[in-house]
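A.B. asks: Task: produce atomic coordinates for the following.
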Amino acid sequence: MLKHTLSVLVEDEAGVLTRIAGLFARRGYNIESLAVGPAEQEGISRITMVVPGDDRTIEQLTKQLYKLINVLKVQDVTQVPCVERELMLIKVNANTSTRGEVMQLAQVFRARVVDISEDSLTLEVVGDPGKMVAIIQMLTKFGIREIARTGKIVLPRDSGVNTEYLKLLETIPSYS
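C.D. replies: Predicted structure coming up:
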């Protein structure tokens, strides 16, 4: 099932998030990722959520969202060229014999060491969701103690450049 990314602008009022979460819960839909924060205009917040579902389901949810008080705009940005980011803190086992290798991996992923102890490192990683999955896979062999991730946030690209399409082109061999 396709995961849709919805960007929802709401009036910054008490209870808005509760009403939105309740709408999803009553209909039996799961919100896989949720991030809320102030938008560009004072008194307005942007809610970014990742929701599994087909196009028809998402269309119905969008209509239901518009019926809620305080919802100003709902946009499905799944197929829109966007800048996507997440923040993750990840605590990994790292004793004196493995610390160097963990730090090298951190460098490759442009992660920052934000805490260090005798037997662990805590890294801060910022990037697209694929980067998060990749670094988790690479660090698993050392033993992951804890992970804290934000939800995905997105903004459409004004340039209209689809970086996912460009990545695909880079993998196709050129025979010129």
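
A.B. asks: Can you tell me the SS state at Glu59?
C.D. replies: Classification of Glu59 by DSSP: H, G, I helix; E, B strand; the rest coil places it in helix.

A.B. asks: Which residue would you name as the spatial centre of the chain?
C.D. replies: Per Cα atoms, centre = their mean, the C-alpha nearest to the average position across the chain is that of Lys152, at 1.9 Å.

A.B. asks: I figured it hits Leu87, correct?
C.D. replies: No: taking contacts as Cβ atoms under 8 Å, Lys152 lies outside contact range of Leu87: 9.9 Å. (Glycine included, C-beta is placed from N, CA and C.)

A.B. asks: Tell me where this protein has strands.
C.D. replies: For the chain, applying DSSP state E gives strands covering 3-11, 33-38, 44-52, 71-76, 82-93, 112-116, 120-127, 144-149, 153-156.

A.B. asks: Give me the below-cutoff pLDDT ranges for the protein.
C.D. replies: 163-176 (pLDDT under 70).

A.B. asks: wait, what's in contact with Val50?
C.D. replies: Neighbouring residues of Val50 by Cβ atoms under 8 Å, 6 or more residues apart in numbering: 3-6, 31-34, 151-152.

A.B. asks: possible to save those as JSON lines with distance to Ala21?
C.D. replies: Shown next, in JSON lines, are the contacts of Val50 (distance: Cβ to Cβ, whole Å):
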{"residue": "Lys3", "distance to Ala21": "18"}
{"residue": "His4", "distance to Ala21": "16"}
{"residue": "Thr5", "distance to Ala21": "17"}
{"residue": "Leu6", "distance to Ala21": "13"}
{"residue": "Ile31", "distance to Ala21": "7"}
{"residue": "Glu32", "distance to Ala21": "13"}
{"residue": "Ser33", "distance to Ala21": "13"}
{"residue": "Leu34", "distance to Ala21": "8"}
{"residue": "Gly151", "distance to Ala21": "13"}
{"residue": "Lys152", "distance to Ala21": "17"}
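
A.B. asks: Filter these down to the buried ones.
C.D. replies: 4-6, 31, 33-34, 151-152 (16 or more other Cβ atoms under 10 Å).
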